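K.L.:
need a structure here:
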Amino acid sequence: MSWLEMDNENGQLEIIPFIFGSLNVKPILMNSFDWKGVASSHYKQILHTCWFPATSTDPRTAATFTVLEHFHLLSFESKVSAFKFYHYIAHWSDNTGVNPIKDQYSVFLRIMAEWRNIKALKHVGCGHDPAGVDTTQEGELVILCPACPHPGKNLVETLNDVAPGNRWIYSLFLAIDANFHLKRHLVSSDAKDPGLSRGWGYFVEERNYKVYLQENGTLTQEKSTCISHNAVNMADMKASKGLAAMGVGTVVCTRHDMRLANGVGDLQKGEKYLNMDYIVFSALGTKSFGIECQPLFPYGFIPMAVNNTAHIAACQTKFSFNWSPYVGRMDREAPEWGWANINRVAASTKEMAPGTCWNTLDDHFGDWNWKKVTVLDAVNAERDHCHALVDLEGSIKESDLDAASLAAWMKEIVAWENNHTKPNPFNSQSREVTQAAIHLALVQQDVKDLEEGMSISLHSEVTPSILISTGLDLKDAHVNLTQHSTNDQQTKVLMCSNSLQRCINSWIMIQVLYMPFVSHLRATGVEVSQSDEDTGDAASGCPKVKPDSIKSNDILLLLPSDICNLVMCDTKLLEVEWSLCLAQANDALDECCSHIRLRHQLLHFKAQHICGQGANTHAQKSIQAVKCRLILSHEKYSCAQQALICLSTHLLYLGWEHKLQQLRKSDLQPMGDLRGRTQGTAIMPWIWLTQGISADDSDRLQDYKSSLFTTFSNGLMDTSHLALRIKWCKTRARHNWWFEEIQLLLEEMRCIIEFLAWQAKWWDEQATLRVAERSVDVEGLAAYAKRQATIRRSLSARFQALWGNVPTLVSANLDDITADGPAEEGTFIDAPSHEDLDYVD
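P.N.:
All right, here's what the predicted structure looks like:
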């Protein structure tokens with residue numbers, strides 16, 4: 001690799017070579033070119049020698065093609081900056097500083113910017129166009145995705161001859177995302193550095209973009225009603241001092257993670273709808289992707305939530321990739337893969353002028369797309385899910401629901417798939433029993449009793465429901481004493497303990513009004529507390545809370561569940577405590593699952609990323625804190641579950657035990673933890689299999705119609721039917737995932753082969769399109785076009801060889817499998833012999 005500089009005194013060019021593998025690296029003097037009479041073509045003579053001049057007028061400095069190609073590829077692979085590469089060359093020349101080379105860093109930047117632009121124009125055939133570069137259109141320099149539909153290239157111009165039920169196969173799947181790592185400082189201006197592409201690549205045309213933003217900048221940003229999305233809702237509040245752009249927004253092909261033409265733009269203030277709308281429609285308006293603007297199928301545009309779990313429950317089912325039809329096994333995180341690759345150049349691009357930044361990012365996006373093209377490379381899963389669906393449907397038909405229920409469910413889900421305004425069959429229409437929900441229902445029942453004159457309250461402020469709910473809260477209250485506590489800490493703990501004791505004393509005074517017999521039990525000192533053997537804690541093997549904790553259950557509260565085996569209790573009080581304990585057990589079980597997942601993630605993160613004594617100590621402290629919360633949640637669940645056992649024998653409530661079982665230490669394990677067993681012998685803990693207790697579960701399993709649960713579950717359908725319907729819908733959706741994925745893959749294989757064939761033919765046509773003055777130029781144009789055509793044919797042959805057995809595999813797995821609607825048969829892909837691609841760049 002070489003850097004060249006003109007010596008003005010003796011008319012010679014000095015070449016400073018840096019050649020890999022050569023130990024004898026010395027400057028070489030060469031005679032200068034003869035410029036006489038051909039001053040206008042100085043730069044052409046240098047280019048013919050594979051040197052790139054710094055200017056086209058009186059060039060005095062040049063860089064060899066080798067050094068530019070080396071940096072170009074190195075910047076793609078290692079994301080090295082031009083600054084580091086230039087100084088690497090300088091230190092290779094002289095690492096002592098005795099004979100440093102002249103600083104030509106700014107010249108190198110200018111040469112590299114021109115080199116990137118010329119390479120991009122060359123790769124898409126602009127050099128073969130007789131009209132020249134000036135006729136280049138917006139978005140013409142991008143690397144197109146061969147697997148996406150392109151009318152006239154790998155797809156017919158219209159889909160009138162395609163059955164409506166099969167048009168979804170020819171859809172374009174897009175994802176929209178923003179990246180706030182790609183900031184750009186307020187350096188230079190558009191007038192001083194407008195860039196060389198002018199919207200020819202992946203960035204939008206800047207002038208029209210800025211005009212649109214200026215004309216519509218006064219519009220009020222609409223707030224999200226679903227999720228507190230800071231990038232959207234707080235766009236106007238983001239700090240932008242010293243920044244020309246806070247990031248970039250982009251539109252990508254979701255299935256293949258490729259950037260679209262004119263699908264990238266700067267974001268001045270967060271992820272505003274104003275910016276993103278322009279970028280989206282700019283990408284859709286590009287002629288290569290005009291197909292999506294047509295009504296391909298009656299379902300139209302279906303927005304999908306990528307970060308779905310952050311949205312409200314209604315959106316999680318309505319806009320989920322998992323349950324929506326005609327998407328296959330879509331990679332919802334496709335944009336993030338591209339960001340992970342491009343983020344490594346953010347440190348360099350943020351200091352660049354606007355035009356240079358856009359051209360540099362365009363170049364990297366083009367490299368990303370080209371790599372995707374060269375490696376474009378699920379059938380058994382579809383078969384397994386199909387068998388699961390058939391087995392489930394067979395069980396339903398043999399049950400009380402029979403085939404009529406399946407037909408009704410099929411009608412509901414097809415109606416929703418065709419029109420998302422219809423009721424969503426994936427939504428659970430039951431509400432889980434939580435402590436907050438039960439508290440609300442109890443208060444509402446008290447209000448109703450007061451209005452109807454049926455209140456039996458013996459206290460002006462405390463009703464039976466408030467008495468029991470407060471008692472359970474006091475039972476769950478605790479104050480921890482830490483080892484080696486300071487005087488201030490001990491003072492605060494004692495104050496909290498005294499406050500808790502006063503609350504308990506006040507509660508006991510009111511308890512006597514509703515449960516007079518508790519005074520006698522406390523006076524006689526009857527032992528009613530449960531032993532470890534009774535509660536099952538010893539058998540569970542679960543850890544206990546710290547023995548030095550001051551807990552309110554050290555004082556006998558004598559709730560109905562504690563004394564119902566000794567004395568007669570009011571049924572009303574028993575029912576109230578039952579409902580509250582049922583909700584408490586459900587909440588505690590959810591807390592245990594949450595703490596288990598959090599502890600598992602912390603342990604995994606600590607093992608993968610934490611090193612050093614200090615960091616490990618802090619991490620271990622966090623893990624221990626989560627473990628302590630898990631212990632408390634387990635004890636809370638065990639107390640509630642034991643209370644339910646006592647109450648159920650008196651209220652005759654049966655059938656709840658299979659959802660709220662005894663919680664053992666072996667159950668407090670992560671979902672994927674095999675505990676030394678194999679996949680075939682390991683059994684998943686029951687806590688990951690239960691879906692919690694719903695209001696309808698409590699109605700069905702308890703088999704009673706108290707006023708509380710009548711109010712709480714009014715108008716809801718039977719839970720057994722509801723749960724089975726949702727399970728069937730999800731099983732059907734899982735089967736359809738893979739069935740649709742196979743159809744999409746077969747169609748994408750066909751698109752890729754046809755697109756590469758079209759592109760190879762197009763390059764063949766470019767070989768003789770332009771007539772050059774010199775014969776060597778004519779030969780060069782033809783050779784480059786033929787080489788590009790050969791690359792496409794070689795890629796096509798390699799893909800056909802890789803995919804030759806796919807249709808056979810599909811046919812073997814789809815025998816005797818039926819789908820809800822007709823699907824086109826995949827085209828068989830032959831596998832002819834092909835040349836090796838090792839010689840192809």
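K.L.:
how about the strands of the stretch 451-600 of the chain, start to end?
P.N.:
Along the stretch 451-600 of the chain, counting by DSSP state E, counting those that start in this stretch, strands occupy 478-479, 550-551.
K.L.:
Which of those has the lowest mean pLDDT?
P.N.:
When those are compared by mean pLDDT, strand 550-551 comes last with a mean of 50.
K.L.:
just checking, Ser56 is part of a strand?
P.N.:
No - assignment of Ser56 by DSSP: H, G, I helix; E, B strand; the rest coil gives coil, placing it outside any strand.
K.L.:
for it, what are its contacts?
P.N.:
42-43 (C-beta atoms under 8 Å, 6 or more residues apart in numbering). C-beta coordinates here come from the backbone N, C-alpha and C atoms, glycine included.
K.L.:
swap the cut-off to 7 Å and go again
P.N.:
Applying C-beta atoms under 7 Å, 6 or more residues apart in numbering, we find Ser56 in contact with Tyr43.
K.L.:
for Leu795, same thing?
P.N.:
Contacts of Leu795 by C-beta under 7 Å, 6+ apart are 374, 756.
K.L.:
Where does it sit, in terms of helix or strand?
P.N.:
Leu795 belongs to helix 775-803 when assigned by DSSP states H and E.
K.L.:
same check, this time on Phe755
P.N.:
Counting by DSSP H and E, Phe755 is part of helix 719-766.
K.L.:
tell me the average confidence for that helix?
P.N.:
Average pLDDT, helix 719-766: 81.
K.L.:
what's the answer for stretch 634-641, then?
P.N.:
88.
K.L.:
ok, then the element right after whichever strand in the chain runs longest?
P.N.:
Using DSSP state E, we find that the single longest strand of the chain is strand 258-267. Next in sequence after strand 258-267, counting helices and strands by DSSP H and E, comes helix 273-284.
K.L.:
Give me the buried stretch members for that following helix, please.
P.N.:
Buried positions in helix 273-284, judged by neighbour count with 16 or more other C-beta atoms under 10 Å: 274-276, 278-280, 282-284.
K.L.:
Ok, stretch 758-766 next?
P.N.:
Applying 16+ other C-beta under 10 Å to stretch 758-766 flags 758-760, 763-764, 766 as buried.
K.L.:
So what touches that stretch?
P.N.:
Stretch 758-766 has contacts (C-beta under 7 Å, 6+ apart) with 125, 128, 153-154, 785, 788-789, 792-793.
K.L.:
of all the residues you listed, which two lie farthest apart?
P.N.:
Farthest pair in the contacts of stretch 758-766 (C-beta to C-beta) is His128 and Asn154. Separation: 21.9 Å.
K.L.:
Quick check: buried residues in the helix or strand harbouring Cys646?
P.N.:
According to DSSP H and E, Cys646 maps onto helix 613-651. Within helix 613-651, the residues that count as buried by 16+ other C-beta under 10 Å are 619, 623, 626-627, 629-648, 650-651.
K.L.:
the bottom helix or strand of the chain by mean pLDDT?
P.N.:
Least confident element among the helices and strands of the chain, by mean pLDDT, DSSP states H and E: strand 28-31 (a mean of 32).
K.L.:
Quick check: buried residues in the next helix or strand after it?
P.N.:
Next helix or strand after strand 28-31 toward the C-terminus (DSSP H and E): helix 42-48. For helix 42-48, the neighbour count (16+ other C-beta under 10 Å) marks 42-43, 46-47 as buried.
K.L.:
I'd like those as CSV, with distance to Asn498 appended.
P.N.:
Listed next are the buried residues of helix 42-48 as CSV, based on distance: C-beta to C-beta, whole Å:
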residue, distance to Asn498
His42, 95
Tyr43, 91
Ile46, 91
Leu47, 90
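K.L.:
wait, which of the residues you listed is closest to Glu748?
P.N.:
After measuring the buried residues of helix 42-48 against Glu748 - C-beta to C-beta - the closest member comes out as Leu47, at 40.7 Å.
K.L.:
Setting aside sequence neighbours, what's the nearest residue to that closest one?
P.N.:
Pro53 (7.2 Å; C-beta to C-beta, 6 or more residues apart in numbering).
K.L.:
if I pick the one you found, what's in contact with it?
P.N.:
Neighbours of Pro53 in contact, by C-beta under 7 Å, 6+ apart: 43, 46, 59, 62.
K.L.:
now do Ala772
P.N.:
Counting by C-beta under 7 Å, 6+ apart, Ala772 makes contact with 778, 781.
K.L.:
so how far is Phe65 from it?
P.N.:
Shown here: Ala772 relative to Phe65, a distance of 20 Å by C-beta to C-beta, to the nearest Å.
K.L.:
Ok, Phe799 next?
P.N.:
In this view, Phe799 and Phe65 are 31 Å apart by C-beta to C-beta.
K.L.:
His128 and Asn154: which is more packed in?
P.N.:
Shown here are His128 and Asn154; by other C-beta atoms under 10 Å, Asn154 has more neighbours (24 against 19).
K.L.:
what comes up buried for stretch 132-150?
P.N.:
The neighbour-count check on stretch 132-150 (16+ other C-beta under 10 Å) flags 136, 138-150 as buried.
K.L.:
what's the span of it, first residue to last?
P.N.:
25 Å (C-alpha to C-alpha, to the nearest Å).
K.L.:
again with stretch 756-776
P.N.:
Stretch 756-776 end-to-end distance (C-alpha to C-alpha) = 28 Å.
K.L.:
quick one: average confidence on stretch 257-273?
P.N.:
Mean predicted confidence for stretch 257-273 is 85.
K.L.:
what comes up buried for it?
P.N.:
So, applying 16+ other C-beta under 10 Å, buried residues of stretch 257-273: 257-272.
K.L.:
list the helices and strands whichever helix or strand comes after the helix holding Leu795 packs on?
P.N.:
Once helix 775-803 ends, the next helix or strand along the chain (criterion: DSSP H and E) is helix 806-813. Counting contacts by 3 or more C-beta pairs under 7 Å, 6 or more residues apart in numbering; DSSP states H and E, helix 806-813 is packed against helix 379-398.
K.L.:
This completes my enquiry, with thanks.
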